[in-house]
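Quick one: sequence and predicted model below, then my questions.
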Amino acid sequence: MAEAASGSTDKSVQVKLVLLGEAAVGKSSVVLRFVSNEFQANKEPTIGAAFLTQKCRLEDHVLRYEIWDTAGQERFHSLAPMYYRNAQAAVVVYDVTKASSLEKAKSWVKELQRQANPNIVIALAGNKVDLVQSSSSSAHPASSSESEDEADDATATPGETPASSGGEPEGLRQVPREEAQAYATEAGLLFFETSAKTGEGIVELFTEIAKKIPIGTILASARGSAGRAGANGGRAGTGQEGVNLDENAAKPKDACNC
Amino acid sequence: MSTISTALRNFKEPTKEQLTQNFFSLSGAVFSDASAEKSQEIEKMDINAVLSLGVEGVEDSYAGKLYLMPPCLTFTSLDRKSVRFTLPLCTVRRVERLNARAGIYALSLSSWHGMKIIVQLTSLRPTADLFCSLLRDALKVELQRGRMKAVKGFVKTCYSEVLVSSPAPENEREDGSLMTTEEKDAATANESAYHGGLGLRFKFPGDAKKLREASKIKLWTTYLKAHGRNLTLLRYPQCTRLVQVGLPNRLRGEMWEVLSGSIYLRFASPGYYEQLLVENKGRSSTSTEDIEKDLHRSLPEYAGYQSDEGISALRRVLQAYSFKNPELGYCQAMNILAAAILIYMSEEQTFWLLEVLCDRLLPGYYAPSMHGTLLDQRVFESLVQRCLPIIHDHFQTVDVQLSVASLPWFLSLFINSMPMIFAFRIVDCFFCMGPKVLFQVGSVSILKINGEKLLQIQDDGGFLNHMREYFASLGESAHPNSTDPRARAITNFQELLLVSFREFSVITDEMIQGERKRFRSEIIHSIESFSKRSSIRNLRTLERFTKDQAGLIYDALYKAMCIVPPPPVVLPPPSLLNTNDGTEEKPETRIGLRTFQYFLSEVATWARDEKIVMNGFQQRIDREVAEHEFIDRLFFFWDVSCRGALSFQDLVSGLDGVMFNDLMENIEWFFNLHDKNKDGFLTKDEVLTLSESFLFIFRYEIGDAYLGAVSRFMTNAFEYGDALLPREEGSNDSEPLPSPTIASNLPYLNLATFRMVVLADEILESFFETDLSASFRLEPLPEMELPVSSSGILGDLWSTIATDSNKRMFNMFTDEIGKAVGKHQVVHRPSIGRYTKLEEPKARESLLTPAMRRSMSQGNLSGKAKEDEIKAAASSSSLTVDAVMQPSKDAISAPPSSTIYSPIPKPLIQASTLAFMERTPFAIDDAKDEDDESEDEVDGEDNDDQVLDEVDAFLEAHDSGLTDADKELAKDLRTAEPVK
């Protein structure tokens, strides 16, 4: 299923998707799970951005996701516009065990809604949900030290764990599902709770995004443009160069905007 | 919430002296340490000289320049690349004047390692004498500081000493890591003596056999014996070539330290690292939190980072650096660099190397704004445009940004882009030859070698995928189908280095420096406009302002911050953090009172003193910031969270509270502003203060109308106030008390009464109805001058002041003439200006009468004094600034395209573009074998040859800059006797 190489793109619809969110919420892990169905405990932090591709079958279409996985640290923020320009979809990830990560997610959503492609499909993903589920399959109840081991990646440091985390996994949770859901509905986002570690919610996340992408218009514009894939339909010829941070610079309008 | 930084505006282009220091791998800290102990500045000097090594036949002599830069003595050959050294003066054991032919002035220096170098001073005799006496003084200072004694202990921490003194220790594996840690009776002695990295315990990456470690070590041992080592290393062409074929693992850490110059920092500050850790033990910050997140994510596949030992070392180093440089703190990618360096270096060595990286080699890369990274990406793009125009054009056509791939190359020095063994070889060259290597290798050569394929790519993704494949194939043969076995043996990586150093040696440090200058303001501008947009977006509320209006408020704030920088951003103490919504508080920029005064003077007409000056030649407006209690009052009124400082949000909300009001709201606002305890009453004192506020706002209004209004207000206020005072019991209405008694600090006047008093006066009514709100004006500010590349020592902000003061000079001059011819007139511009024509046609005269001046409030007078002070300061500074400006202007006027920026001759560009299609064959086979290896190791011989082949592949013609006669002379000096 996984095809990371830039294979033939005929018949498939290219969709540019960008992942955003605070550092160490598990953006790269979500992508890795989706693209190669793997989980790595200690993933190196993304510098700049990583690029991966994955195909996704949807009824009679094949979607080819071009995924831009961005760096999370605050100071890389100014580089983000370089990656989310022309994106048709975005996944904004937060960590359900860290309240501040949802705040950061909200600010990303705000930025995307103002600065990115106006038709962008945005999904909110509360990751590391495995940390807050009482593991019924597991033989022994999760102790606090164990739940640390089970972290999506080893970035859940003891310091961030609330003291009350005793034997109650839900105690780790800092963002109630309802709260995030309510926010997502209000802001018009898709919403999922995911675990890159167990794989929960990952495929659904990307499938639901695929369903919301206006494939028809992309295909139409692809047919219109000279042999280029739809995702790139409007991009040729815009003379942007360098790291463009200036929103006032002519933003290439994607063909699917019309 | 976010922080607003004006740091970028304080950027200073490096001075010539700094550039020289950088060239010799010396950081500023080395000098500040030295001069701090010695009260007066030690003198620096440079002189032309010819350098020869005291041993017959080992090296040629080279002409160059000798620099005395206490505490170091440095030399570079004329071509600035063949030969150089940086010798701490304390490693100089002996200096002798040589007894040579008449007219020859030569010195023999013996270094701590027993090496003898001869420098022939080729300048005029008096210059040479002066140099010698300065050298003698500098040496004395070093002796007094006790630095000479420190050398002995220090060199023991260097592995090269072990290498040179004895055959390789027995407990080493072939790759240089130690056999076992258990049987370390002998090993502990060694281990504790010299600094080494995790590699000693956890093995070094790569296959030692394939890396030909043994041969490399042998070559290095020979080199280090003859040319000095660690502190005293002399860098001859052979040194650079040995670095280019890859440093041996065991020596890598030390050589990085020496080549980058971080060794001089470590030498200068013994114990600093340990002390820093002790002093900051248990401290936590945003940086330490971020570091914690990444510790397990730094080269996780390396065995050392699967153990607690490696992780703790990494934690300590990164934390120590974040404590040393809190402004920079910690940036992702630093963890990868530090982790990689720690394999070869001790924690202390790594710490100092990080310092050199962040401070000198990769300036601004890891700063919070990452301006250095962005700038160098721009520079890179421009170099690609120049060297590889076809690729550049193609990327433009398909709208692919180079930086999507190249940004991580630069940020993490290829360490997480390439297989580690190759990345480390690039890092070797990077430390040896400087930052230009990143551009040569990384950039241009990689793109050129892949040119054909890159012309096929259609989007960012294709570009990245291709680069990934290429990096994965670096170890494979570059010419797998060649019939020549030697050509087949050349790997993609070797080819990459050869292309880099052969074809793109035209990319020089000077060129990169020039390009950085060229693009700096563009980058700063885009960073600033980005942070402006984020700040506005991150406001909790825009209140009733539009986004554009908020932008104007931001501009005013930013300008004020440039003039009066606010204190550094700090998190408020947790006790004050009782925000209701429970969200985590982020650091936020807040301005103090002084900055606020500047801010307000930009938006409120009465918060500035504007003088219209006419002198017969010109009419201009001089603007000064006003100071008055009223402004202070406003500051604290808007400081709703009682921090003693205002955020951007506070300013927006504060302005919202006054700019959209109608008559009644304005009266209430003004009342509340003066009701300090918010009990709904003004005291008598407060009524007086309020009147003073009126007088302050109306201070420049023309005519007496406002003065009259205020005095009527006061009369009325006290009349009504007294009338409404509660009467004493038994007093009857017909008998009003002659003087109602109430303390001046008790509640006196309520809002209703105040309103009544105000509405009784036409002028005050119109003030509150429209004039007050209208006195706040959000107007686009003139674009502030961005840091100009020219301004030498004083940096950007100075350049704006410099032009300002130039203007002031001119103004003063014309004023003088104006006064002389009797046409000089100064008029204060009114803040409201409603009654310009109504009453006083001869307003100007009346304004200038002494009586009028006296009536001005106290605050205004002090403002005046301030003004004069500023003027004085400006005029005194203008002289020096002027002097500095002169040469920099010349620099600007030189056409940049032709003189500075075209070291690549046109044919070369054509050649490089042609070479896409046709790779030039490598001269590696033609390279002559240098058979000076006398050791008869059977299997070693072949290996050594291979290494030497590779070394020779990098051989370039080295011009010693000397004639045969000069060389002969230099040779003679080797045998010359010291002068008795």
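That came in fine, so what should we check first?

Wait, residue A:27 touches residue A:72, no?
Yes: when contacts are counted by C-beta atoms under 8 Å, residue A:27 is listed as touching residue A:72 (6.4 Å). The way it works is simple: take the backbone N, C-alpha and C, and place the C-beta from them, glycine included.

residues from the stretch 251-400 of chain B in reach of chain A?
Within the stretch 251-400 of chain B, the positions adjacent to chain A are B:289-290, B:292-294, B:296-300, B:331-333, B:335-336, B:366-370, B:374, B:377-378, B:381, B:396-399 by C-beta under 8 Å from any C-beta of the partner chain.

Please flag which of the residues you listed sit within helices.
B:289-290, B:292-294, B:335-336, B:374, B:377-378, B:381, B:396-397 (DSSP state H).

Buried ones only from the residues you listed, please, as a PyMOL command.
Command for PyMOL that selects the buried part of those, burial taken from 16 or more other C-beta atoms under 10 Å in any protein chain shown:
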select buried, chain B and resi 290+292+293+294+335+336+374+377+378+381+396
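
Tell me which two in the ones in helices among the residues of the stretch 251-400 of chain B next to chain A are the farthest apart.
Longest distance between any two of these is 45.0 Å, between B:292 and B:397; criterion C-beta to C-beta.

what's the neighbour count on residue 98?
Chain wasn't specified; assuming chain A. Residue crowding around residue A:98 was assessed by other C-beta atoms under 10 Å in any protein chain shown; the count is 23.

actually it's chain B I care about, not the one you picked
Residue B:98 has 21 neighbours, counted by other C-beta under 10 Å.

That one - that's part of a strand, no?
Yes: using DSSP: H, G, I helix; E, B strand; the rest coil, the secondary structure at residue B:98 is a strand.

Quickly list what it is bridged to.
When bridges are called by DSSP bridges, residue B:98 pairs up with residue B:978.

Was I right to think it contacts residue B:109?
No: Residue B:98 is beyond contact range of residue B:109, at 10.6 Å (criterion: C-beta under 8 Å).

so what sits against both of these two?
Taking C-beta atoms under 8 Å, 6 or more residues apart in numbering or on different chains as the contact criterion, the residues that touch both residue B:98 and residue B:109 are residue B:118.

before we move on, back to that, show me which of residue A:27 and residue A:72 is the more surrounded one.
When neighbours are counted by other C-beta under 10 Å, residue A:27 comes out ahead of the other of residue A:27 and residue A:72, with 29 against 25.

Name the residues that touch stretch B:471-483?
With C-beta under 8 Å, 6+ apart as the test, stretch B:471-483 has contacts from B:417-419, B:422, B:487-496.

What is the nearest of these to residue A:179?
Within these, the smallest distance to residue A:179 is 39.9 Å, found for residue B:417 (C-beta to C-beta).

I'd like the ones in helices among the residues of the stretch 251-400 of chain B next to chain A as JSON lines, with pLDDT appended.
Below are those laid out as JSON lines (pLDDT from 0 to 100):
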{"residue": "B:289", "pLDDT": "92"}
{"residue": "B:290", "pLDDT": "92"}
{"residue": "B:292", "pLDDT": "93"}
{"residue": "B:293", "pLDDT": "90"}
{"residue": "B:294", "pLDDT": "93"}
{"residue": "B:335", "pLDDT": "95"}
{"residue": "B:336", "pLDDT": "95"}
{"residue": "B:374", "pLDDT": "93"}
{"residue": "B:377", "pLDDT": "94"}
{"residue": "B:378", "pLDDT": "94"}
{"residue": "B:381", "pLDDT": "93"}
{"residue": "B:396", "pLDDT": "93"}
{"residue": "B:397", "pLDDT": "94"}
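
And for residue B:254, the neighbour number?
27.

quick one, phi psi at residue A:26?
phi 110, psi 30 (degrees, to the nearest 10).

My guess is it contacts residue A:198. True?
No: under the criterion of C-beta under 8 Å, residue A:26 is not in contact with residue A:198, lying 11.9 Å apart.
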